[in-house]
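Visitor: need a structure here:
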Amino acid sequence: MAGAVVGLVIKGDRIEKQLRGKLESIGFGFFVPTFFIRSPLKFDLAGTFTRTGILQGLSRNMTGWFGTDLLLVAMVMLAGVSVTSSLLANIPVVAAMLLLVKGYLVAAELVPELALGPAFTDWPASTLPVFVAMMFSGTLGGNATLIGASANVVGAGICASHGKPVTFVTFARYGVPLTICQDRKSVV
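Guide: Numbering: from 1, shown residues only. Sure, this is the predicted structure:
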């Protein structure tokens, strides 16, 4: 994914010229996987991280880094998930981060180990800002880049069909500052 982003930044105008007449098929090609192919894969990211132990290790490390300072954890989640969901689909990112946060809260002994299961609902009120920060940043992060959200791709397709193509860099020039402002406001 990082290679694709670098390629868009460096060769975006050239790629745009080659694809100018094909934007409708690009939009279609974006949405078919979104609704059909990616659906069973959405939680593969979280599953892969869980099976490899990456999330468990990060959860333990977070306890060492942040202790039980949930406000700091919420701010780190806000920034980290926002950046990640600007470049990757936000649903698998938030699914993986949900497992990470649950693991952290268990490792920090703020909730019992039962919290790792899907049926746990007895979350302490002090933990809710961490989950809210994750939800905000998963949603707002998609505003930063052209590939961050489905609506961005549709909007770029409409612009291109009217003779005003939007490049990755042009979109990011407006989207990144907007996302930073939105993330700052969500802290309040």
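
Visitor: now do the helix ranked longest in the chain: which elements does it pack against?
Guide: With secondary structure taken from DSSP state H, the chain has its longest helix at helix 168-187. Where contact means 3 or more C-beta pairs under 8 Å, 6 or more residues apart in numbering; DSSP states H and E, helix 168-187 is packed against helix 2-19, helix 70-87, helix 128-140, helix 150-161. Backbone N, C-alpha and C define where each C-beta goes, glycine included.

Visitor: got the contact list for it?
Guide: Contact with helix 168-187 is made by 5, 8-9, 12, 75, 78-79, 82, 86, 133, 136-137, 140-141, 143-148, 152, 156, as judged by C-beta atoms under 8 Å, 6 or more residues apart in numbering.

Visitor: put the buried members of these into a ChimeraX selection.
Guide: Buried members of the contacts of helix 168-187, defined by 16 or more other C-beta atoms under 10 Å, are picked up in ChimeraX with:
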select :8,12,75,78,79,82,86,133,136,137,140,141,143,144,145,146,147,148,152,156
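
Visitor: returning to that earlier point: buried ones in the longest helix of the chain?
Guide: Quick answer for helix 168-187 (16+ other C-beta under 10 Å): 168, 170-172, 175, 179, 182-183, 186.

Visitor: just give me the closest of those residues to residue 118.
Guide: Residue 118 lies nearest to residue 186 out of those, by C-beta to C-beta, at 26.7 Å.

Visitor: look up the closest residue to the one residue sitting closest to the centre of the chain, ignoring the ones flanking it.
Guide: By C-alpha atoms, centre = their mean, the chain has its centre lying nearest to residue 85, at 1.9 Å. Nearest non-adjacent residue to residue 85, counting by C-beta to C-beta, 6 or more residues apart in numbering: residue 141, 3.5 Å away.

Visitor: I'd say the one you found and residue 84 touch.
Guide: Yes. Between residue 141 and residue 84 there is a contact at 6.9 Å, judged by C-beta atoms under 8 Å.
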